[in-house]
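sequence and predicted structure are below.
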Amino acid sequence: MTTAIDCKYTVEGAGPPLILIHGIGAARDAWRFMVPALREHFTVVSYDLRGHGTSPLPDGEFGLNELVTDLERLRQRTGIEKAHFAGHSLGGQIGPAYARAYPDRVISLGILSTAAFRTEDDSAKVWGVVKAMQEKGIAQVLETLTARWFTDEFIARHPDLVERRLKQVIDTSPDIFMNVFRIYAGTEMAPWLQEVTAPSLVLTGENDGGCNPRLNRLIDAALPNSELVILPHYKHSILIEAADEVSAHLIRFML
């Protein structure tokens with residue numbers, strides 16, 4: 001029996017419910033630049049994944065199923081019957097997995113900057129990052145991640161925001177960070193994605209290395225009811241760097 005953790009959450013705005021699911025080594029404030037636009041149209045629920053932000057630390061290793069169970073527990077605690085869901089990166093794997101397990105609870109999905117249909121080479125690269133972190137330490141690998149997450153122009157213009165994101169990773173328990181990175185690296189949605197029938201917006205950045213347009217086209221093709229959006233120029237951290245564009249697409253698609 002999978003035991004749910006009561007994750008910390010915030011509710012803002014009014015309208016149909018929209019539950020936001022952040023990625024690895026982040027927290028609910030990952031959505032802070034998007035919430036002002038979203039709460040004009042939705043009752044926005046953002047939460048910290050287990051072991052992230054101010055949510056409780058779990059006992060021992062956990063997998064995707066536990067993260068889905070936490071999300072269902074959150075829905076129950078908020079009293080929401082059905083909601084829109086949007087997830088980024090690892091959150092973009094949790095959302096579809098939740099929709100598969102609880103289809104009657106999902107109005108629509110936003111699947112943002114995530115990966116499926118990885119080739120052997122794709123998998124080798126992401127597991128290579130995991131291995132490098134295990135051998136050298138998370139902090140030593142962060143510099144290479146920065147270049148994957150943000151465009152060069154954004155790094156030059158907003159060093160404070162980049163530094164804040166890196167500090168958030170460093171402040172996350174290393175065991176938790178490596179645990180969720182392994183979930184992200186090891187999850188393959190290809191075998192079951194066609195079972196997710198909720199209307200789905202599949203969105204990624206043109207220059208996102210690990211969650212690239214090639215993989216997202218395959219995600220879009222597998223889903224029975226989806227739309228694909230590729231945001232020109234951006235890399236992985238679109239919640240921070242492309243907040244206005246991502247918010248506008250979610251509002252347009254979900255309303």
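Cool, got the structure.

quick one, longest helix in this structure?
Using DSSP state H, we find that the single longest helix of the chain is helix 120-136.

which positions within it qualify as buried?
Using 16 or more other C-beta atoms under 10 Å as the test for burial, helix 120-136 gives 122, 126, 129-130, 133. To be clear about C-beta, it is placed using only N, CA and C from the backbone, and glycine gets the same treatment.

that one - contacts with which helices or strands?
When contacts are defined as 3 or more C-beta pairs under 8 Å, 6 or more residues apart in numbering; DSSP states H and E, helix 120-136 packs onto helix 138-149, helix 174-186.

so who does Leu74 touch?
Contact analysis of Leu74 by C-beta atoms under 8 Å, 6 or more residues apart in numbering lists 7, 9, 19, 45, 47.

which regions of the stretch 51-200 of the chain lie under the pLDDT threshold?
Within the stretch 51-200 of the chain, not a single segment meets pLDDT under 70.

for the contacts of Leu74, which one is nearest Asn179?
Distance to Asn179 across the contacts of Leu74 (C-beta to C-beta) is lowest for Cys7, with 15.2 Å.

sticking with the closest residue to Leu203 other than its chain neighbours, tell me its helix or strand.
Spatial nearest neighbour of Leu203, excluding adjacent residues (C-beta to C-beta, 6 or more residues apart in numbering): Val229 at 4.4 Å. For Val229, the host element (DSSP states H and E) is strand 226-231.

partner strands of that strand, with direction?
Counting by DSSP bridges, the strands paired with strand 226-231 are strand 200-205 (parallel).

how about the CA coordinates for the partner strand, as PDB?
C-alpha atoms of strand 200-205 as PDB (Å, rounded to 0.1, in the frame of the first residue of the first chain):
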ATOM      1  CA  SER A 200      -3.600  17.600 -23.400                       C
ATOM      2  CA  LEU A 201      -1.400  20.600 -24.300                       C
ATOM      3  CA  VAL A 202       2.100  19.300 -25.100                       C
ATOM      4  CA  LEU A 203       4.500  22.200 -24.900                       C
ATOM      5  CA  THR A 204       8.300  22.500 -24.900                       C
ATOM      6  CA  GLY A 205      11.100  24.800 -25.800                       C
END
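
residues contacting it, please?
96, 108-114, 211-213, 215-216, 219-220, 223, 225-231, 233-236, 238, 242, 246, 249-250, 253-254.

perfect, that will be all.
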